[in-house]
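Visitor: I'll drop the sequence and a predicted model, then ask my questions.
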Amino acid sequence: MSRYFRVLASICVLACAVVTGGLAAAQDYPTRPIKVIVPYPPGDLADVIARLLGNEVSKELGQPVVMENRPGASGLLGLQAVAAADADGYTLVLGQMGSLAVAPNVNKWQLKVQDALQPVALAYTNYMMLVTAPGLPAKTLPELIAHSKAKPGTLRAATNGTGGFPHLALELLRKQAGFDFSHIPYRGSSQILTDLMSGRVDVTIFGYSGLYPYVQDGRVNGIAVTGRKRAPNAPKIPTVGETVPGYEALGWFGYLAPKGTPAAVVNKINAAVNKALALPEIQEQARRQGLDAAPGTPADFAKAWKTDYDKWGGIIHDLGLQGSRN
């Protein structure tokens, strides 16, 4: 028995040393610059967010926060780089919902994002806007849904690609409200707007901030936003949920770290991000981008991620798009 207790005591001492060492490391963190990989090109909204918050997070943590753009493969290249990094809090990724909850369900990825990365801090949510061509007679969402049902398959809905978030948002509207449309995938959003204004397509949906100027000057009709509440600078445009209860299609952006990063380090970064989100000047700049601050705990972020991974993954599966891209 004495030998048993000696072994047990040795294990306890070792475990305590590991815990104590981890706490000490967390208390000292950070002692050098922190890299934030942005898996998208410069100028992308995720890049704008990373740079908007970077200076304030740097001030709070007392070390430089260095941005590195690493675009490619729907965000996979940047996510892989962070997943392969040391789990010490010095390499993070500013990810977004599309690359973390949609793309893994559509693409044949070797990287299992939920096994390789852990949530640190959710920063912002954003939403899309449903708009129609100026000549389309339907001017409200109820009218648009009724129009689509009266002439099944004739409403031409353009998005930036099959299996992308805008396409899935339309499919969710089909599922919840019987909205009927023929999907026309494009390679990008600029040509969609040209064709929408000329009447070659009838409806489109993508980021609110990109569409609002066209609604504001009357070049397209703003039908509804996909968020939880109306846009502050366009209060007359309703949410989809006001017509279709329970409908919501939110994008989000947040910081993640390699799996295994110490909880104390994660919590320290989380607190710094939440503090930056609360600054009035940061709030004003974010509002201009159509962003809503989403402060919370790492557990809150994990819950949002899982909810959307399952929600959009289910629609992707129903459409037969699962694993349809390389």
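Guide: Nice, thanks for sending it over.
Visitor: Touching stretch 128-144 from outside, list them.
Guide: Counting by Cβ atoms under 8 Å, 6 or more residues apart in numbering, stretch 128-144 makes contact with 146-147, 165-166, 169, 179, 196-199, 201-208, 211-212, 214-215, 218-226, 231, 237-238, 240, 243-244, 249, 251, all of which sit outside it. Every C-beta, even on glycine, is put in place using the N, C-alpha and C of the backbone.
Visitor: Try it again at 6 Å.
Guide: If you take Cβ atoms under 6 Å, 6 or more residues apart in numbering as the criterion, stretch 128-144 is touched by 147, 196, 199, 202-203, 205-208, 211, 220-226, 243.
Visitor: From these, list the buried ones, please.
Guide: Buried residues within the contacts of stretch 128-144, defined by neighbour count using 16 or more other Cβ atoms under 10 Å: 147, 196, 202-203, 205-208, 211, 220-226, 243.
Visitor: ok, Met97 touching Leu250?
Guide: No: contact criterion Cβ atoms under 6 Å: Met97 and Leu250 do not qualify, at 7.4 Å.
Visitor: Looking at these two, which is more packed in?
Guide: Between Met97 and Leu250, counting by other Cβ atoms under 10 Å, Met97 is the more crowded of the two (22 against 19).
Visitor: gap between Asn69 and Val113?
Guide: 19 Å (Cβ to Cβ, to the nearest Å).
Visitor: Of these two, give the one with the bigger neighbour count.
Guide: Comparing Asn69 with Val113 by other Cβ under 10 Å, the one with more neighbours is Val113, at 22 against 16.
Visitor: Helix or strand: which one has the residue nearest to that one when sequence neighbours are not counted?
Guide: Leaving aside its chain neighbours, Val113 sits nearest to Pro104 (5.2 Å; criterion: Cβ to Cβ, 6 or more residues apart in numbering). With elements taken from DSSP states H and E, the one containing Pro104 is helix 103-106.
Visitor: Output the contacting helices and strands for that helix.
Guide: Applying 3 or more Cβ pairs under 6 Å, 6 or more residues apart in numbering; DSSP states H and E, one finds that helix 103-106 makes contact with helix 298-318.
Visitor: what packs against the helix it packs on?
Guide: With contacts taken as 3+ Cβ pairs under 6 Å, 6+ apart, helix 298-318 sits against helix 103-106, strand 117-132, helix 165-177.
Visitor: Quick one: residues in contact with the shortest one.
Guide: Helix 103-106 is contacted from outside by 74, 113, 163, 313, 316, 321, 325, using Cβ under 6 Å, 6+ apart.
Visitor: do the last one as well
Guide: Taking contacts as Cβ under 6 Å, 6+ apart, the residues outside helix 165-177 that touch it are 98, 102, 145, 157, 159-160, 179, 205-206, 226, 244, 247, 249, 312, 315.
Visitor: Run the chain-centre distance for the helix or strand following it.
Guide: Using DSSP H and E, the helix or strand that directly follows helix 165-177 along the chain is strand 182-185. Relative to its parent chain, strand 182-185 has a centroid offset of 23 Å by Cα atoms, centre = their mean, to the nearest Å.
Visitor: Taking strand 117-132 as reference, get the angle to the helix or strand that strand 182-185 is followed by.
Guide: If you walk from strand 182-185 toward the C-terminus, the next helix or strand you reach (DSSP H and E) is helix 190-198. If you take axes from the mean of the first three to the mean of the last three Cα atoms, to 10 degrees, helix 190-198 sits at 20 degrees to strand 117-132.
Visitor: what angle do helix 190-198 and helix 165-177 make?
Guide: Between helix 190-198 and helix 165-177, the angle comes out at 50 degrees (the same axes, to 10 degrees).
Visitor: average model confidence for helix 190-198?
Guide: Here helix 190-198 scores 94 as its mean pLDDT.
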